[in-house]
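Student: from the sequence below, what's the structure:
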Amino acid sequence: MAKCPYCDKSMPSIKAETISIKSAPRTSWRGIAYCCPYCNAALSVTIDQISLKSDTVGEVLRGLGKG
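Tutor: Numbers count the residues shown, from 1 in each chain. Got it, this is the predicted structure:
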């Protein structure tokens, strides 16, 4: 079983939380932070691929005048 590198407890599951990822001014993406269920340490952060896909489709439809 995986162990948290911060609190050293075995993790039977992991907690996923939404987070805003910000880059240059006015640029942001929806993200997911994977956290230890015991100490809440962020183990990994990534762009939310489902939101990214949805946002991309929406932008394309708006560009085509259909959104």
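Student: any stretches of the chain with poor pLDDT?
Tutor: Along the chain, segments meeting pLDDT under 70 span 67.
Student: for residue 13, give its distance to residue 64.
Tutor: 42 Å (C-beta to C-beta, to the nearest Å). To be clear about C-beta, it is placed using only N, CA and C from the backbone, and glycine gets the same treatment.
Student: now swap in residue 54 and tell me
Tutor: Look at residue 54 and residue 64: by C-beta to C-beta, they are 16 Å apart.
Student: those two - which one has more neighbours?
Tutor: A side-by-side neighbour count of residue 54 and residue 64, using other C-beta atoms under 10 Å, places residue 54 first with 12 against 8.
Student: shouldn't that one be within a helix?
Tutor: Yes. Note on residue 54: a helix contains this position according to DSSP: H, G, I helix; E, B strand; the rest coil.
Student: show me what contacts it?
Tutor: Residues in contact with residue 54 (C-beta atoms under 8 Å, 6 or more residues apart in numbering): none are found.
Student: give me the number of residues near the nearest residue to residue 20 once chain neighbours are set aside?
Tutor: Distances taken as C-beta to C-beta, 6 or more residues apart in numbering place residue 28 nearest to residue 20, at 5.5 Å, with adjacent residues excluded. By other C-beta under 10 Å, 11 other residues sit near residue 28.
Student: then stretch 2-10 to CSV, C-alphas only?
Tutor: Only the C-alpha atoms of stretch 2-10 are listed here, as CSV (Å, rounded to 0.1, in the frame of the first residue of the first chain):
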residue,chain,number,x,y,z
ALA,A,2,1.2,3.5,-0.8
LYS,A,3,2.6,5.6,2.1
CYS,A,4,2.4,9.4,2.5
PRO,A,5,6.0,10.8,2.2
TYR,A,6,5.1,13.5,4.8
CYS,A,7,3.2,11.7,7.6
ASP,A,8,4.4,8.1,6.7
LYS,A,9,0.8,6.7,7.1
SER,A,10,-0.5,4.0,4.7
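Student: check contacts around the residue nearest to residue 20.
Tutor: Contacts for residue 28 were tallied using C-beta under 8 Å, 6+ apart; they are 20, 21, 22.
Student: and residue 51, what element?
Tutor: helix 49-63 (DSSP states H and E).
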